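Novice: The following comprises the amino acid sequence and a computationally predicted model.
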Amino acid sequence: MQGIVLEIDVKSDSGIIRGNDQIKYEFHLSACRNALPSEGALVDFEVQEEKAAEIYILKTSLKAKLDWLFWFLFSFRGRISRDQLMIFLAAAILVLPVPVVCAVWSGLTAFLTVGWIAAFYICAAVLAKRFHDSGTSAGWLLVTVAFSVFVMLVVSRVLNLAFIGTAATYVLVVLLGLAVVFCLYLCFVKGSIGSNRYGSEPYSCRTARLK
């Protein structure tokens, strides 16, 4: 039977599908086989004990895709998997040079500042969700960024503090390196299995682990 997903409640790990027979069926997200559906998605399913089971997504609405993309790029809530992060990084490497080159060639270098701010925000949002997947607060990312700015100001001697000498500067650089390594580790460490305080497990991870 085919139907339309009317509602998704990630907190309760459930949802509602209206079938072609105009009857509403409850379902658990664990019954979804090929992906996690979104509201408005066309699905194929079987009815077992008056609930939807063996759910396969046939078509996702454009609005749902745009909503997911907006969440992925701009929201600091939720979790993403390692493969989603890798796809984002690969896309960023391919896409980011294009507007930079266009801005330089056109002489509109003022837009570069706005572009870098937007790129920084998007990267922070994506990395925060990756931190959440391992059950770690994204506050570590914020602290590392603030510490990086402080160390760069000290090393470039823009910020002159009497109590920071050459030896202290070396120590700050080493600590910064350790903080960056720690953040990189959190970006690629295995995520928490099941739900944690930041949300449900990314569906791609769940599917891979069930295979």
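Specialist: Everything's here; your move. Numbering: from 1, shown residues only.
Novice: Quick one: the strands in this structure, in order.
Specialist: Under the criterion DSSP state E, strands of the chain are mapped to 2-9, 14-19, 24-28, 42-48, 51-59.
Novice: Columns mean pLDDT and distance to W116 on top of those strands, output as a markdown table?
Specialist: In this view, the C-beta of every residue, glycine as well, is placed from N, C-alpha and C. As requested, those are exported to a markdown table (pLDDT from 0 to 100; distance: least, CB to CB, whole Å):
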| stretch | mean pLDDT | distance to W116 |
| --- | --- | --- |
| strand 2-9 | 90 | 35 |
| strand 14-19 | 93 | 39 |
| strand 24-28 | 93 | 43 |
| strand 42-48 | 94 | 40 |
| strand 51-59 | 92 | 37 |
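Novice: Pick the most buried one from those strands.
Specialist: Across those, averaging neighbours per residue (mean count of other CB atoms under 10 Å) puts strand 14-19 on top, at a mean of 19.
Novice: for that one, packing partners?
Specialist: If you count contacts as 3 or more CB pairs under 8 Å, 6 or more residues apart in numbering; DSSP states H and E, strand 14-19 packs onto strand 2-9, strand 24-28, strand 42-48, strand 51-59.
Novice: now it and strand 24-28, what's the angle there?
Specialist: With axes from the mean of the first three to the mean of the last three CA atoms, to 10 degrees as the basis, strand 14-19 and strand 24-28 are set at 140 degrees to each other.
Novice: Tell me the strands beside strand 14-19, with direction?
Specialist: Paired neighbours of strand 14-19 in the sheet (DSSP bridges): strand 2-9 (antiparallel), strand 24-28 (antiparallel).
Novice: Which one of those lies nearest to L141?
Specialist: strand 2-9 (28.2 Å; CB to CB).
Novice: quick check: angle from the closest one to strand 51-59?
Specialist: Taking the same axes, to 10 degrees, one finds strand 2-9 and strand 51-59 inclined to each other by 100 degrees.
Novice: How far away from the center of its chain is strand 2-9?
Specialist: How far strand 2-9 lies from its chain's middle: 23 Å, per CA atoms, centre = their mean, to the nearest Å.
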